[in-house]
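**Q** Sequence below, structure please.
(one chain, ligands or ions: 1)
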Amino acid sequence: MIGERRNLKYRINWNEAREAILGERFKGPKLRFDPDIKTKTASDFSKRVKEGEYEYGRKTTEIFSGFLDRSAEVLEIGPGPGTVTVPLSKRVKMITAVDLSLKNIAHLEENLREESCDNVDVIHKNWLRTDDEALRGRYDLVFCSHFLWMIPDLEEHLEKMENASKKYCAVVQPAGRGDLVKEVYSQITGREYAGEFEPDGDYFAYVILREWGRLLNVTHFSFTNTMTLEEKVRSTASFIGRFVEVDEDVAKRIRDLILPHADADGTFVETNNVVVMWWETA
Ligand SMILES: C[S@@+](CC[C@H](N)C(=O)[O-])C[C@H]1O[C@@H](n2cnc3c(N)ncnc32)[C@H](O)[C@@H]1O
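**A** So this is what the prediction gives:
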């Protein structure tokens, strides 16, 4: 439900910085070294989110369980392969999950089947084209995870989220990027890393929501990911490829740069942080 907003004479000019960041992010990565890269990265992602029995999603679910009960009906925007959807579905009555990627939906459906989750309604749709009238005040919780860079207009997104909620909204967003990808970026582009692919979009949302007068509960957790060498090459290339075309030569340079950082068993283990913000809409 759309709550009243504060009328502020002075507002923080966050828009310019966000637009500049988006300008770089919206250029899709140029990855020429592997014709199957999109299928493989979707499958890598699906594998990664299951690590630690859905550690990222389990920890998010634990936080949500502090204010949600088992009768809750939830709307999730951009569920991907089910990072949060799978563990959360075991703690609520039902989830409606809206995603526009058929590749990710295929992984989501497979993961839901694997975990016997039968209370998730998967909808293949662009969230920005959903009907606000039809969604108004329908869900106990409306949330998105790792989604804030997916949309051009953050205020419109937050407004749509609040519209569909009758009780709570939440934003879950990874915070900070591992050092290795930043080092590879500097080596390959010759430029010092200056936050070009930080995932942290939460602070823009925080400022907007506080300006609207919302009172936010903010917390965080950490989770661990393990990747094989080829998975780490693909993941690193997906960031570097926004700035430099990654052909076979560049992919080889990436491989050579990251290889010395592998653990004794040949894998790459990284612990990252996640910010969770939730607020009452009514
Ligand atoms: C980075 S993934 C995050 C997946 C998952 N929520 C997580 O936390 O790991 C973003 C997801 O949002 C979906 N997406 C991006 N734009 C969207 C839109 N306008 N409407 C619906 N889904 C969208 C993508 O297809 C992708 O599955």
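**Q** Would you state the predicted confidence (pLDDT) at residue 12?
**A** Residue 12 carries a pLDDT value of 88.
**Q** Tally up the residues packed near the residue nearest to it when sequence neighbours are not counted, please.
**A** Residue nearest to residue 12 in three dimensions, not counting chain neighbours: residue 207, with 5.3 Å by CB to CB, 6 or more residues apart in numbering. The way it works is simple: take the backbone N, C-alpha and C, and place the C-beta from them, glycine included. By other CB atoms under 10 Å, the residues close to residue 207 number 16.
**Q** right, and residue 207 touches residue 13 too?
**A** No. Assessed by CB atoms under 8 Å, residue 207 is found out of contact with residue 13, at 9.9 Å.
**Q** Could you give the separation of stretch 58-67 from the chain centroid?
**A** In terms of CA atoms, centre = their mean, to the nearest Å, the centre of stretch 58-67 is set 17 Å apart from its chain centre.
**Q** Now do it: everything it contacts.
**A** 52, 84, 87-88, 90-91, 141, 143, 145, 168, 170, 172, 219, 221, 223, 274, 276, 278 (CB atoms under 8 Å, 6 or more residues apart in numbering).
**Q** all helices for the stretch 101-250 of the chain, in order.
**A** Taking DSSP state H, counting those that start in this stretch, the helices of the stretch 101-250 of the chain run over residues 102-114, 132-135, 154-164, 179-189, 202-212, 229-240, 248-258.
**Q** Deepest-packed of the ones you listed, please.
**A** Neighbour counts (mean count of other CB atoms under 10 Å) averaged over each of those peak at helix 229-240, with a mean of 21.
**Q** that's a helix at residue 269, yeah?
**A** No. In this structure, residue 269 is strand, not part of a helix, as judged by DSSP: H, G, I helix; E, B strand; the rest coil.
**Q** Return the residues in contact with it.
**A** Applying CB under 8 Å, 6+ apart, the residues contacting residue 269 are 224-226, 263.
**Q** Then residue 4?
**A** residue 213.
**Q** Now do the contacts for the residue positioned nearest the centre of the chain.
**A** Among the residues of the chain, the one closest to the centroid is residue 146, at 1.2 Å (CA atoms, centre = their mean). Applying CB under 8 Å, 6+ apart, we find residue 146 in contact with 78, 80, 83, 172-174, 199.
**Q** from the residues you listed, which single one is nearest residue 57?
**A** residue 83 (5.0 Å; CB to CB).
**Q** That closest one in helix, strand or coil?
**A** Assignment for residue 83 (three-state DSSP): coil.
**Q** And for it, the neighbour number?
**A** Residue 83: 27 neighbours (other CB under 10 Å).
**Q** per-residue confidence at it?
**A** 98.
**Q** State the phi and psi torsions of residue 149.
**A** For residue 149, the backbone dihedrals are phi -90, psi 0 (criterion: degrees, to the nearest 10).
**Q** isn't it right next to residue 25, touching?
**A** Yes. Between residue 149 and residue 25 there is a contact under CB under 8 Å: 5.4 Å.
**Q** To the ligand, which of the helices of the stretch 101-250 of the chain lies closest?
**A** Nearest to the ligand, of all the helices of the stretch 101-250 of the chain, is helix 102-114, at 3.9 Å by CB to the nearest ligand atom.
**Q** Restricting the selection to alpha carbons, write that closest one to CSV.
**A** Below are the C-alpha coordinates for helix 102-114, written out as CSV (Å, rounded to 0.1, in the frame of the first residue of the first chain):
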residue,chain,number,x,y,z
LEU,A,102,13.3,-18.3,-19.2
LYS,A,103,16.8,-19.7,-18.5
ASN,A,104,16.5,-18.8,-14.8
ILE,A,105,12.9,-19.9,-14.6
ALA,A,106,14.0,-23.4,-15.9
HIS,A,107,16.5,-23.6,-13.0
LEU,A,108,14.0,-22.2,-10.5
GLU,A,109,11.4,-24.9,-11.5
GLU,A,110,14.0,-27.6,-11.3
ASN,A,111,15.2,-26.5,-7.9
LEU,A,112,11.7,-26.2,-6.6
ARG,A,113,11.0,-29.8,-7.8
GLU,A,114,14.2,-31.1,-6.3
